[in-house]
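# I need the structure of the sequence given here:
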Amino acid sequence: MKDFKNPFPLHDSYLIHCITNEISCEMVANAILALGAKPVMADDPREVLDFTKQSAAVLLNLGHLSAAKEESIRKVTSFASQSEIPFVLDVVGVSASPIRKSLAMDLVKYSPTIIKGNMSEIRSLVGLKHHGVGVDASVQDQETEDLLQVLKDWCQTYTGMSFLVTGPQDLIVSKNQVAVLGNGCAELDWITGTGDLVGALTAVFLSQGKTAFEASCLAVSYLNISAERILVQGMGLEDFRYQVLNQLSLLRRDKNWLDAIKGDVYE
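Below is the predicted model of the structure:
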């Protein structure tokens, strides 16, 4: 896509600090390594700031929340905001859990660089009707017309913030730009944690100096195009998971991978 420049090769010494879902923690770390950056998965409130201070970007994922993890997330959010370290807030489960939604609303006040979630989660966060169950989006929540204007208003209020909304078509919204992207394959729903991977890849691209809008478009496209290159016929769940990580490491070798992005960018 002509609007974006190939971000590779990366500066491979950049540290990405992740407080994320234990269910997908290992896969997230490997995805960051696959792109050429360095992950650290520290979430003990006694040490989180030691790692944040060394990091070029941060991923904060609300999945598998606990009291200790909430304390760590609050500490890191405040420090990252004050220190101008870009951070991604992945609002996993806010459509199902009042505790997570309350926490997310508190964190929004620190103007996350990117707020990420599926369509039901983001609709819940911004106060629109939604039908999400658990951490999954509902097919009833894929209408974007009402959501788009609300997200634009939020981006006007919170300077520099963008939204990354995942779904059959991915929606990226910033103050002045909107992208609707259409890569991916249904098999990504076979395995848990693919949304967490998008958040991690977004943090990696932020660490390289990409804007919130660019990082969001690059990250979601990178995962989806990687999945498209897997020959899934006759493949089981675990084989597909294995191949997702393989393709994440291989795609960056293709200098023309951006040409495979499907979608449009609007000013």
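# Tell me which residue lies nearest the centroid of the protein.
For the chain, the residue nearest the mean C-alpha position is residue 199 (2.2 Å; Cα atoms, centre = their mean).
# How about that residue, nearest residue that isn't a chain neighbour?
Spatial nearest neighbour of residue 199, excluding adjacent residues (Cβ to Cβ, 6 or more residues apart in numbering): residue 90 at 4.2 Å. Glycine gets a C-beta too; all of them are placed from N, C-alpha and C.
# I'd like the next helix or strand past the helix or strand where the residue nearest to the centre of the chain lies.
Residue 199 belongs to helix 194-207 when elements are defined using DSSP states H and E. In the C-terminal direction, the helix or strand that comes right after helix 194-207 (DSSP H and E) is helix 212-228.
# ranges for the strands of the stretch 1-150 of the chain?
Counting by DSSP state E, counting those that start in this stretch, residue ranges of the strands within the stretch 1-150 of the chain are 15-19, 38-40, 57-61, 87-90, 114-118.
# okay if I get these as TSV plus mean pLDDT, distance to residue 158 and mean neighbour count?
Output for the strands of the stretch 1-150 of the chain, formatted as TSV (pLDDT from 0 to 100; distance: least, Cβ to Cβ, whole Å; neighbours: other Cβ atoms under 10 Å):
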stretch	mean pLDDT	distance to residue 158	mean neighbour count
strand 15-19	98	21	25
strand 38-40	97	27	19
strand 57-61	98	16	28
strand 87-90	98	11	29
strand 114-118	96	9	28
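# closest one to residue 157 among those strands?
Closest to residue 157 of those is strand 114-118 (Cβ to Cβ; 12.3 Å).
# With just CA atoms, put the closest one into CSV.
Output in CSV follows, covering the C-alpha atoms of strand 114-118 (Å, rounded to 0.1, in the frame of the first residue of the first chain):
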residue,chain,number,x,y,z
ILE,A,114,-3.4,3.1,20.8
ILE,A,115,-6.5,1.6,22.2
LYS,A,116,-7.1,-1.9,20.7
GLY,A,117,-10.0,-4.2,21.0
ASN,A,118,-12.6,-6.1,19.0
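# Mind listing what's buried along stretch 249-259?
251-252, 257-258 (16 or more other Cβ atoms under 10 Å).
# Show only the entries of these found in helices.
The members of the buried residues of stretch 249-259 that map onto helices under DSSP state H are residue 251.
# Determine which two of the buried residues of stretch 249-259 are furthest apart.
So, the buried residues of stretch 249-259 by Cβ to Cβ: farthest apart are 252 and 258, at 11.3 Å.
# for the chain, what spans make up the helices?
25-35, 48-52, 67-83, 98-108, 119-125, 145-157, 194-207, 212-228, 237-251.
# nearest to residue 181, of those?
Nearest to residue 181 among the helices of the chain is helix 212-228; the distance by Cβ to Cβ comes to 6.0 Å.
# Retrieve the pLDDT associated with the residue nearest to residue 200 when sequence neighbours are not counted.
Leaving out its chain neighbours, the residue that sits closest to residue 200 by Cβ to Cβ, 6+ apart is residue 28, at 4.6 Å. In this model, residue 28 is scored at 97, pLDDT.
# Kindly report the same for residue 168.
The per-residue pLDDT reported for residue 168 equals 89.
# show me where pLDDT drops low in this structure?
Along the chain, segments meeting pLDDT under 70 span 1-2, 131-142.
# Show me how far stretch 57-65 is from its chain's centre.
10 Å (Cα atoms, centre = their mean, to the nearest Å).
# Next: stretch 10-17.
The chain centre lies 17 Å from the centre of stretch 10-17; the measure is Cα atoms, centre = their mean.
# quick one on the thing from earlier: let me have the helices of the chain in CSV, adding distance to residue 179 as columns.
Output for these, formatted as CSV (distance: least, Cβ to Cβ, whole Å):
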stretch, distance to residue 179
helix 25-35, 20
helix 48-52, 29
helix 67-83, 25
helix 98-108, 21
helix 119-125, 15
helix 145-157, 11
helix 194-207, 13
helix 212-228, 5
helix 237-251, 19
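# in terms of contact, does the residue nearest to residue 199 touch residue 58 like I think?
No. Between residue 90 and residue 58 there is no contact under Cβ atoms under 8 Å: 11.1 Å.
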